[in-house]
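**Q** give the three-dimensional model of this entry:
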Amino acid sequence: MKRWLAVGCLALLATGCATRAPVTATGTSPDDHVAAARWTDRVRGFYRDNVDLVGRERCVARVWKARFAELENLPVDDGFAALARLAREACVPGANWTRVAAGEGVAYIDFSRLERNGATVVYWVRWEGRAITVDYNVTREIANCSTKMVAQLHFSAYEAGAPTIISDEPQEWHSTPPGSVLESVLRAACAAKTRTATPAPRRPTPTKARSLGI
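**A** Residues are numbered from 1 along each chain as shown. Below is the predicted model:
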């Protein structure tokens, strides 16, 4: 019974019900209604105790599915504690990421890896938001702080803490829309200070050259 309850609690968690209405159990026994209500309360308590996972329920659900074998035999309390630890490792930005912009999504820069050579900066960005179907994306960007132009050098998409798509194909230079999250990220990167200059970074290859295989 205790193992079954633990599995039930985690399964309910995977539905993201913590931020929705209580689960109903139409056509089931009163005991099922009581159990569903208890699970809902337990899940809500999980998010009250782990506020950094609020808004990342989809990622938590993916972690639960990916790591279920490690959780299914645990008692209820241990199962939730283990899930919180695993989800935090997979879903929450580490201390190296600094939040720099929010709007239709949230962006973080890893300033410890930012490189500068004159007006050119290269930096890593973590993107989270409603328009992103995976848990988050990580990109490596190059920007010219004089012209306010930016291009992408690397892209990777993550689910449950693991990359599902990786591309090192450089993209075209483009300007950022005024007032956008992209513009805020560019400004934050250009305003960052670095201790020493770094070698000139690799620049995106023009479209025509790439099409010829150069």
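**Q** any idea where the strands of the chain begin and end?
**A** Here the chain has its strands, by DSSP state E, at 98-103, 105-109, 115-117, 120-128, 136-144, 149-159, 162-167, 174-175.
**Q** partners of the shortest one in the sheet?
**A** According to DSSP bridges, strand 174-175 forms sheet pairs with strand 149-159 (antiparallel).
**Q** before we move on, the earlier item: can you put the strands of the chain in TSV and add distance to Asn50 and mean neighbour count?
**A** From N, CA and C alone the C-beta is placed, and that goes for glycine too. Shown next, in TSV, are the strands of the chain (distance: least, C-beta to C-beta, whole Å; neighbours: other C-beta atoms under 10 Å):
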stretch	distance to Asn50	mean neighbour count
strand 98-103	18	16
strand 105-109	18	21
strand 115-117	35	17
strand 120-128	17	21
strand 136-144	18	20
strand 149-159	19	18
strand 162-167	21	12
strand 174-175	38	12
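**Q** can you lay out those strands as a markdown table showing distance to Asp52 and mean pLDDT?
**A** Listed next are the strands of the chain as a markdown table, based on distance: least, C-beta to C-beta, whole Å; pLDDT from 0 to 100:
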| stretch | distance to Asp52 | mean pLDDT |
| --- | --- | --- |
| strand 98-103 | 12 | 94 |
| strand 105-109 | 13 | 95 |
| strand 115-117 | 29 | 95 |
| strand 120-128 | 12 | 97 |
| strand 136-144 | 14 | 97 |
| strand 149-159 | 17 | 97 |
| strand 162-167 | 20 | 96 |
| strand 174-175 | 33 | 95 |
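**Q** for those strands, give me TSV that also has distance to Val181.
**A** Formatted as TSV, those follow (distance: least, C-beta to C-beta, whole Å):
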stretch	distance to Val181
strand 98-103	5
strand 105-109	5
strand 115-117	22
strand 120-128	8
strand 136-144	12
strand 149-159	12
strand 162-167	21
strand 174-175	14
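**Q** in contact with the spatially most central residue of the chain, which residues are there?
**A** Per C-alpha atoms, centre = their mean, the C-alpha nearest to the average position across the chain is that of Tyr136, at 3.2 Å. Residues in contact with Tyr136 (C-beta atoms under 8 Å, 6 or more residues apart in numbering) are 59, 126-128, 157-158.
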